[in-house]
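In: I'll drop the sequence and a predicted model, then ask my questions.
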Amino acid sequence: MIEKLLKRKTNNIFIQLFRYTFVGGFAFIVDFGSLFVLTEFIHIYYLISAAIAFILGLGTNYILSIIWVFDKRIFKNKYIEFMIFGIIGIVGLGLNELFIWFFTEEMHFYYLISKIISTFFVYLWNFFARKFILFR
């Protein structure tokens, strides 16, 4: 069972979602950590930091997704695949920025709390969009 969950290639959506949760978690650590460092130590405005950090998390997510999560790929050309992956990510970035702005500016949450809330929604968008557009 562990081998099936962690090692074998699979097209089972539940196993992929399980794996994507770990990939997303690691990408989140890259994203969240970068946001914190860029904002608190480098003093970049939090929305700009959020965009940079999101892109770093996106790259991490792409590499781990094609290595471990998704077995079937629609596009043979990796540049086209990454472009579409990136477009889905840009929509996710827009959602990320919107949610962080809304919860920080309108609801007066601390920006890192806003990021955690945003992550939940963007995670769902990213997984299902990538699964059904790129890796059917």
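Out: It's in.

In: least trustworthy helix or strand in the chain by mean pLDDT?
Out: Among the helices and strands of the chain, helix 2-6 carries the lowest confidence by mean pLDDT, DSSP states H and E, at a mean of 84.

In: hmm, who's touching that helix?
Out: When contacts are taken as CB atoms under 8 Å, 6 or more residues apart in numbering, the neighbours of helix 2-6 outside the stretch itself are Thr10, Ile15, Phe18, Arg19. C-beta here means a position set from N, CA and C on the backbone, and glycine is covered the same way.

In: need the next SSE after that helix, C-terminal direction.
Out: Per DSSP states H and E, the first helix or strand lying C-terminal to helix 2-6 is helix 13-36.

In: how about the least confident helix or strand of the chain as PDB, C-alpha atoms only?
Out: These are the backbone C-alpha positions of helix 2-6, laid out as PDB (Å, rounded to 0.1, in the frame of the first residue of the first chain):
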ATOM      1  CA  ILE A   2       2.800   2.500   0.900                       C
ATOM      2  CA  GLU A   3       4.600   1.700  -2.400                       C
ATOM      3  CA  LYS A   4       1.400   2.400  -4.300                       C
ATOM      4  CA  LEU A   5       0.900   5.700  -2.500                       C
ATOM      5  CA  LEU A   6       4.500   6.900  -2.700                       C
END
